[in-house]
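Asks: Just to be clear, the model below is a prediction. Sequence and coordinates:
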Amino acid sequence: MVIEDFKGDKETMCGIFGVFNNNNASKLTYLGLHALQHRGQEAVGIAVSNRYEINVKKAEGLVMQALKEQDLNNLKGDIAIGHVRYSTSGKANPQNIQPFITHFYKGSFAISHNGNIVNANEIREKLEKEGAIFHTTSDTEVFVHLIAKARNTEEFDINLHQNDREFLPLLFSAMKNVKGAYSLLILRENQLIAVRDPYGFRPLVLGKNKQGSIFLASESCALDMVEAEYLRDIKPGEVLVIDGEGLRSYFPLGFVDKAHKCIFEYVYFARPDSIIFKDYVYEIRKEMGRQLAKEKPIDADVVVPVLDSGFLAAKGYSEESGIPLEFGLIRNHYIGRSFIQPLQEIRDLSVKLKLNPVRQVIEGKRVILIDDSLVRGTTAKKIVGMLKKAGAKEIHFLISSPPVISPCVYGIDTPTKEELIASTKSVEEIRNYIGVDTLYYLSLDGMVKSALNKKNKGFCVACFTGNYPVL
Ligand code: AMP
């Protein structure tokens, strides 16, 4: 089977971007989405409002390949939202590409979602029994239906600005019904709305440029891309409305006393040049490596990162231990992330396509190999085989996060529990399987401590513990 033919059910990861008040809205969204490409490589979409109507363009593939200049020229308007996806819950097919655009009795809106609604099936079944017709298999569509179906009967004890009285009660009512992870951008003819679920699982940041345009993005690296300044995070549970009369913030579901921000964003997913959850990914990822060195000091000659995502932990380990960091593996950047290939046989091959050892660095050396996470164990086994072939004397494999034992249900692409190597094997069994002298995982406390500080607390660690904050 060729990769292109594979259309299976997969969980996913996404990136979202929005802009308000800029005549180049579609082009800036394109650039912002390009900066968020690591969050989803399967498809891209941009919706733009010219204040009368909303137009949308969607395509499969990477941002720069999928959208042409003419597409962007056709998307005229000064408010836009965009989306890059791997595949969210829902099949990888063109109907599932976001933003979804809807026309209903109160006008039109488009929606982009990062996260995963855990009670989507339940809601969908109920709505279908009542006659609703769904157009996609995506969990996001339940939001659309709930908004369109809600009536202004719901009482929210909130004083709404007059521009917000029509639409926001519908959105609030939808929020009351859905459970799970959602960072959302909603585009209306004259408004841009940002929403973050009360647990704050997935990131969403707010920025502004010198000309006064407002931006929203999954990560601040996308704000850098369009030369906007990071202002703040959208808060867990916040609904932020942006229109000609300014910015207005509401908390329709009240505050949850403890946010559950996804710590895996810091471990692996977010770009290291981003600020998310109010803090620098770069610093935290490096601190995880330092912590690893404190927990597991090893007498060795060289620290080798599994590029790219293992680099900062390796740097932290090297700084803390004094053992030199060397690029003992070189990465070929002209292929996607190996984990993302859907077929096992292709996944195996693509590890070789991605990384090649540097014999001069490895030969005769006691190597500390560092990666950010071990999921199926496929990558590690292949890499270790390559390092042995290149003459490594010893291989000590350190992971800058604890064993992943449970699938993420909040929007990170993880395989089923059975496929997660640490859910069925002990650390010693995994060490044997991979074929290394030492295998050590950063402790849960060590990982959380690395990310914790005065402004940053309350993480979701469900993939490492199996304790899901909301189901
Ligand atoms: P595996 O071979 O399945 O153990 O995958 C581990 C490798 O995949 C590590 O190098 C991680 O950096 C990377 N990784 C971890 N989580 C993900 C994910 N959700 N999507 C893609 N790659 C991942």
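Replies: Cool, the structure landed.
Asks: mind checking the longest helix of this structure?
Replies: Of all segments of type helix in the chain, defined using DSSP state H, the longest is helix 281-295.
Asks: and it, average pLDDT?
Replies: The average of the pLDDT scores along helix 281-295 is 98.
Asks: Just after that helix, pick out the following helix or strand.
Replies: strand 302-305 (DSSP states H and E).
Asks: for the helix or strand just after that next one, packing partners?
Replies: Next along the chain after strand 302-305, taking DSSP H and E as the criterion, comes helix 311-321. Helices and strands touching helix 311-321, by 3 or more Cβ pairs under 8 Å, 6 or more residues apart in numbering; DSSP states H and E, are helix 281-295, strand 302-305, strand 366-371. The C-beta positions use only the backbone N, C-alpha and C, and glycine is treated the same way.
Asks: Tell me the helices and strands packed up against the first one.
Replies: I take that to be helix 281-295. helix 311-321, helix 444-451.
Asks: Which residues does the very next helix or strand once past the shortest one contact?
Replies: Note on helix 444-451: by DSSP H and E, the next helix or strand toward the C-terminus is strand 459-460. The contact list for strand 459-460 (Cβ atoms under 8 Å, 6 or more residues apart in numbering) reads Y199, F201, H260, K261, C262, I263, Y410, V448, A451, L452, P469.
Asks: what pairs with strand 459-460, and is each one parallel or antiparallel?
Replies: Partners of strand 459-460 in the sheet, by DSSP bridges, are strand 261-262 (parallel).
Asks: Which residues does the partner strand contact?
Replies: 181, 200-203, 236, 269, 277, 408, 410-412, 456, 458-460.
Asks: at 6 Å what do you get?
Replies: Where contact means Cβ atoms under 6 Å, 6 or more residues apart in numbering, the residues beyond strand 261-262 that reach it are G200, F201, F277, F459, C460.
Asks: next one: stretch 220-235
Replies: 17, 28, 31-32, 35-36, 194, 196, 204-209, 215, 217, 240, 271, 273-275, 278.
Asks: same thing but 8 Å
Replies: 15, 17, 19, 28, 31-36, 183, 194-196, 200, 203-210, 213, 215-217, 240, 249, 251, 271, 273-278.
Asks: ok, the residue of the stretch 51-200 of the chain found nearest the ligand to P272 distance?
Replies: Residue of the stretch 51-200 of the chain nearest the ligand, by Cβ to the nearest ligand atom: Y86 (8.1 Å). Distance check for Y86 against P272: by Cβ to Cβ, to the nearest Å, it reads 20 Å.
Asks: Repeat that for F100.
Replies: 31 Å.
Asks: cool, V427 as well?
Replies: In terms of Cβ to Cβ, V427 sits 27 Å off from P272.
Asks: next one: Y440
Replies: Relative to P272, and taking Cβ to Cβ, Y440 is found at 23 Å.
Asks: How about K389?
Replies: Taking Cβ to Cβ as the measure, K389 falls 30 Å from P272.
Asks: neighbour count winner among these two?
Replies: Legend: neighbour count by other Cβ atoms under 10 Å for K389 and P272, higher for P272 (17 against 11).
Asks: how much space is there between the residue lying closest to that one once chain neighbours are set aside and A293?
Replies: For P272, ignoring the flanking residues on the chain, the nearest one in space by Cβ to Cβ, 6 or more residues apart in numbering is Y282 at 4.4 Å. Y282 sits 17 Å away from A293, going by Cβ to Cβ.
Asks: okay, those two: which has more neighbours?
Replies: The neighbour comparison of Y282 against A293 (other Cβ under 10 Å) goes to A293, with 22 against 17.
Asks: rewinding a little: touching, the residue of the stretch 51-200 of the chain closest to the ligand and L36? I think so.
Replies: No - using Cβ atoms under 8 Å, Y86 and L36 do not qualify as a contacting pair, with a distance of 11.8 Å.
Asks: Looking at the two, which is more packed in?
Replies: Set side by side, Y86 and L36 show more neighbours around L36, with 27 against 21, by other Cβ under 10 Å.
Asks: show me what contacts the more buried one?
Replies: G15, I16, F17, V84, A217, S218, E219, C221, A222.
Asks: Dump these to a markdown table, plus distance to T378 and secondary structure.
Replies: Below are those laid out as a markdown table (distance: Cβ to Cβ, whole Å; DSSP: H, G, I helix; E, B strand; the rest coil):
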| residue | distance to T378 | secondary structure |
| --- | --- | --- |
| G15 | 25 | strand |
| I16 | 29 | strand |
| F17 | 32 | strand |
| V84 | 25 | strand |
| A217 | 31 | strand |
| S218 | 27 | coil |
| E219 | 27 | coil |
| C221 | 28 | helix |
| A222 | 30 | helix |
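Asks: Looking at those residues, which one is closest to K365?
Replies: C221 (34.3 Å; Cβ to Cβ).
Asks: so how far is E419 from that closest one?
Replies: 30 Å.
Asks: So these two - more neighbours on which side?
Replies: Ranked by neighbour count (other Cβ under 10 Å), C221 and E419 place C221 first, with 23 against 15.
Asks: how close does the more buried one sit to the ligand?
Replies: 18 Å (Cβ to the nearest ligand atom, to the nearest Å).
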